[in-house]
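In: below is the sequence, then the predicted model.
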Amino acid sequence: MPQVVTEAADAAFELRNGDRVVFVGNSLFENDLPYGFLELALTTRWPSRDVTYRNIGWTGDTVWGEARSYISAPSAYDLLLEQLTKAQPTVVFVAYGANEALAGEAGLPRFEQGLNQLLDKIEQLGAKAILLSPVPLMAAGTAGNVEERNAMLELYAAAIARTASARDIRFIDVFNPLLERGKNAKLSDNGFHLNENGYYHLASALEAGLGLAPRSNEPISLTISKSEVAATGPAKVVDAGKDTGSIKFTVAEVCLPLPLPEQDRATADKARVFRVAGLKRGKYTLTADGSRPITASAKEWKEGVEVPLEKSYSQAGKLREEIVKKNELFFQQYRPLNRTYILGFRSHEQGRHAKGLEDLGIIITWLEGQIALDRTPATRVYQLTRTR
């Protein structure tokens with residue numbers, strides 16, 4: 001697939017206070033609702049900024065909103081535009097093309113027309129769009145079917161890239177990163193849709209496509225001299241205590257990590273290396289607010305000791321649970337069961353439930369308040385003490 005680079009793609013991406021991010025597209029976005037990885041990735045990147053997220057992805061959807069049809073008005077396409085408008089976006093991630101690709105090469109002109117029409121609407125709303133490629137097919141009946149399907153998906157991805165280039169907006173290729181990652185990891189349970197592991201890696205590909213630096217557990221180094229104790233990495237010495245053989249310091253993460261999928265947790269690196277140079281010979285124990293103590297020799301501390309990051313991962317896990325719950329409630333609000341009976345032409349039967357849908361907004365707002373409290377990494381206080 002051709003690599004398209006535009007000025008917008010090269011520009012530094014960031015979310016600002018007051019931004020409203022909307023995910024619109026097909027099952028690629030809807031199926032992330034039980035996992036919350038895409039929103040979590042962006043939320044933790046700018047923990048001090050108030051950003052609202054709404055996921056209006058719809059399984060089977062196309063740029064014409066065809067999957068959003070109901071018995072009652074509005075039309076499927078009008079409903080897509082209505083939902084997009086009501087979300088009041090400032091940033092819109094757009095993921096279409098996978099279902100349209102079933103029409104083959106002959107369907108490309110109509111797809112591009114529909115995509116441009118949707119992008120015109122996003123511009124009218126004063127929002128900026130970010131286009132994603134489709135994800136690859138991971139498995140099918142035969143290898144030939146996989147190759148044929150992926151060749152067509154690449155063709156549509158290239159059309160999306162051309163559209164982005166022509167309109168000077170950002171395009172993110174997630175097809176190739178996931179295709180490569182899928183060689184060594186199971187990203188889908190059925191070959192078509194991403195599983196939890198797949199969404200974890202999709203979130204990482206999204207971050208890379210936005211030009212964000214990789215998340216890394218930068219080593220922490222403390223150097224003890226006669227005059228001071230100096231620290232590098234996300235650490236600050238608060239009490240040298242050299243005379244008592246004790247050093248107290250804090251670690252403030254730049255952002256929380258992405259919680260690892262269950263299948264990756266056993267083998268993934270969930271530790272940060274602590275290096276301490278200048279210690280006198282002996283054994284030293286590192287303790288931190290409720291974490292398991294770690295004891296090592298002065299030589300081992302100098303070479304580097306791995307310190308588990310359970311607290312940070314635990315906080316990120318809690319944050320993800322809050323995001324998933326918030327999105328579940330929003331899903332019930334904007335896409336209720338029996339919509340025709342509550343909001344449509346048969347609302348005379350169950351229209352009384354419309355008030356309940358409105359009231360969900362109160363809980364959603366409360367959950368967004370909890371998310372705001374929990375998205376900032378907690379400062380960890382460590383103490384390294386000579387034990388013998």
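Out: It's in.
In: buried set for stretch 361-381?
Out: 364, 367, 368, 371, 372, 374, 375, 376, 377, 380 (16 or more other C-beta atoms under 10 Å). Just so you know, the C-beta spots here come from the backbone N, C-alpha and C atoms, and that holds for glycine as well.
In: nope, stretch 288-295 is what I meant
Out: Per 16+ other C-beta under 10 Å, stretch 288-295 contains these buried residues: 288, 294.
In: start and end of it, how far apart?
Out: Length of stretch 288-295, first residue to last, C-alpha to C-alpha, to the nearest Å: 12 Å.
In: just the ones of the buried residues of stretch 361-381 in strands?
Out: In this view, these that belong to strands under DSSP state E are residue 380.
In: in contact with residue 261, which residues?
Out: Contacts for residue 261 (C-beta atoms under 8 Å, 6 or more residues apart in numbering) come out as 195, 196, 197, 200.
In: need those residues in a markdown table with distance to residue 67, neighbour count and pLDDT, can you?
Out: Shown next, in a markdown table, are the contacts of residue 261 (distance: C-beta to C-beta, whole Å; neighbours: other C-beta atoms under 10 Å; pLDDT from 0 to 100):
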| residue | distance to residue 67 | neighbour count | pLDDT |
| --- | --- | --- | --- |
| 195 | 22 | 17 | 95 |
| 196 | 23 | 17 | 95 |
| 197 | 26 | 22 | 94 |
| 200 | 26 | 24 | 95 |
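In: low-scoring pLDDT stretches of the stretch 251-388 of the chain, where are they?
Out: Judged against pLDDT under 70, the low-scoring parts of the stretch 251-388 of the chain cover residues 262-269, 290, 337-357.
In: where do the helices sit along it?
Out: In the stretch 251-388 of the chain, the segments counted as helices under DSSP state H, counting those that start in this stretch are 298-303, 310-334, 339-342, 347-350, 354-374.
In: neighbouring contacts of the last one?
Out: Residues from elsewhere that reach helix 354-374 (C-beta under 8 Å, 6+ apart): 43, 50, 52, 315, 318-319, 322-323, 325-326, 329-330, 332-333, 336, 342-343, 347.
In: could you export it as PDB, CA atoms only?
Out: Only the C-alpha atoms of helix 354-374 are listed here, as PDB (Å, rounded to 0.1, in the frame of the first residue of the first chain):
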ATOM      1  CA  ALA A 354     -37.300   8.700  27.000                       C
ATOM      2  CA  LYS A 355     -36.900  10.500  30.300                       C
ATOM      3  CA  GLY A 356     -34.900   7.500  31.600                       C
ATOM      4  CA  LEU A 357     -32.500   7.800  28.600                       C
ATOM      5  CA  GLU A 358     -32.000  11.500  29.400                       C
ATOM      6  CA  ASP A 359     -31.300  10.600  33.100                       C
ATOM      7  CA  LEU A 360     -28.500   8.300  32.000                       C
ATOM      8  CA  GLY A 361     -26.600  11.500  31.200                       C
ATOM      9  CA  ILE A 362     -26.300  12.300  34.900                       C
ATOM     10  CA  ILE A 363     -24.500   9.000  35.600                       C
ATOM     11  CA  ILE A 364     -22.300   9.400  32.500                       C
ATOM     12  CA  THR A 365     -21.200  12.800  33.700                       C
ATOM     13  CA  TRP A 366     -20.500  11.400  37.100                       C
ATOM     14  CA  LEU A 367     -18.400   8.600  35.600                       C
ATOM     15  CA  GLU A 368     -16.500  11.100  33.500                       C
ATOM     16  CA  GLY A 369     -15.700  12.900  36.800                       C
ATOM     17  CA  GLN A 370     -14.300   9.700  38.200                       C
ATOM     18  CA  ILE A 371     -12.200   9.200  35.100                       C
ATOM     19  CA  ALA A 372     -10.800  12.700  35.500                       C
ATOM     20  CA  LEU A 373      -9.700  11.900  39.000                       C
ATOM     21  CA  ASP A 374      -8.100   8.500  38.100                       C
END
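In: who's in contact with residue 94?
Out: Applying C-beta under 8 Å, 6+ apart to residue 94 gives the contacts 24, 25, 115, 118, 119, 122, 129, 130, 131, 132.
In: can I assume the third one is in contact with residue 95?
Out: This points to residue 115. No: between residue 115 and residue 95 there is no contact under C-beta atoms under 8 Å: 11.1 Å.
In: show me where the stretch 51-200 of the chain has its strands.
Out: Here the stretch 51-200 of the chain has its strands, by DSSP state E, counting those that start in this stretch, at 52-55, 91-95, 128-132, 170-172.
In: got those as CSV, with distance to residue 16 and mean pLDDT columns?
Out: Shown next, in CSV, are those (distance: least, C-beta to C-beta, whole Å; pLDDT from 0 to 100):
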stretch, distance to residue 16, mean pLDDT
strand 52-55, 12, 98
strand 91-95, 9, 98
strand 128-132, 12, 98
strand 170-172, 16, 98
